[in-house]
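In: Give the three-dimensional model of this entry:
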Amino acid sequence: MKRKNGNRMSGLYIQDKLETEYFNGYLCYTKLSNIEEPLIVNNSLYDLCIIKNEYEWFQLFSSDRNYVLTIMLDENKDVIQWYFDISHKIGLDNGVPYEIDMYLDMIITKEGNIIKNG
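Out: Okay, here's the model as predicted:
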């Protein structure tokens, strides 16, 4: 398991607490910058870039469920993928949300394919 903070990426970072009928937790937004090299990963269907300057990540850290949803957008604001981390624990450290990632993941591609990892 690995600890991941909401503000772990380089760039403009904004967070807000959300309490709605459908979601309770923290929304973290990062506009990536100062990335030295793009990160290209394979999602078991194809290679795709998930980290690059000008990309945007929206992360939803649930307060009452054990998951974090990361929605990744490219520089044109097109969805790259929806990435669900199943978490052992979600908490706050100095006001910043974090998760203990169990490496049980589900990805929904921009084409709507569902990929299970872990």
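In: wait, residue 2 sits on residue 100?
Out: Yes - using Cβ atoms under 8 Å, residue 2 is in contact with residue 100, at 7.4 Å. The way it works is simple: take the backbone N, C-alpha and C, and place the C-beta from them, glycine included.
In: Of the two, give the one with the bigger neighbour count.
Out: Between residue 2 and residue 100, counted using other Cβ atoms under 10 Å, the more crowded position is residue 100 (15 against 10).
In: Please, which helix or strand holds that one?
Out: Secondary structure assigned from DSSP states H and E places residue 100 in strand 96-109.
In: Tell me which other helices or strands that strand touches.
Out: In terms of contacts (3 or more Cβ pairs under 8 Å, 6 or more residues apart in numbering; DSSP states H and E), strand 96-109 is packed against strand 2-5, strand 24-32, strand 56-62, strand 79-93, strand 114-117.
In: hey, which of those strands is tucked in deepest?
Out: Comparing the helices and strands packed on strand 96-109 by mean neighbour count (mean count of other Cβ atoms under 10 Å), strand 56-62 ranks first with a mean of 21.
In: what inclination does it have with respect to strand 79-93?
Out: Angular relation of strand 56-62 and strand 79-93 on a 0 to 180 degree scale: 50 degrees, by axes from the mean of the first three to the mean of the last three Cα atoms, to 10 degrees.
In: wait, residue 74 sits on residue 55?
Out: Yes - applying Cβ under 8 Å, one finds residue 74 in contact with residue 55, separated by 5.9 Å.
In: ok so, going back, just the CA coordinates for the strand holding residue 100, please, in PDB.
Out: Extracted in PDB, the C-alpha atoms of strand 96-109 (Å, rounded to 0.1, in the frame of the first residue of the first chain):
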ATOM      1  CA  VAL A  96      -4.900  18.100   2.700                       C
ATOM      2  CA  PRO A  97      -6.700  14.800   1.800                       C
ATOM      3  CA  TYR A  98      -4.700  11.700   1.400                       C
ATOM      4  CA  GLU A  99      -5.400   8.000   0.700                       C
ATOM      5  CA  ILE A 100      -3.700   4.700   1.500                       C
ATOM      6  CA  ASP A 101      -3.900   3.100  -1.900                       C
ATOM      7  CA  MET A 102      -4.600  -0.700  -2.000                       C
ATOM      8  CA  TYR A 103      -3.600  -1.000  -5.700                       C
ATOM      9  CA  LEU A 104      -7.100  -2.200  -6.500                       C
ATOM     10  CA  ASP A 105      -8.100   0.000  -9.400                       C
ATOM     11  CA  MET A 106     -10.800   0.500 -12.000                       C
ATOM     12  CA  ILE A 107     -10.300   2.600 -15.100                       C
ATOM     13  CA  ILE A 108     -13.000   3.800 -17.400                       C
ATOM     14  CA  THR A 109     -11.400   4.800 -20.800                       C
END
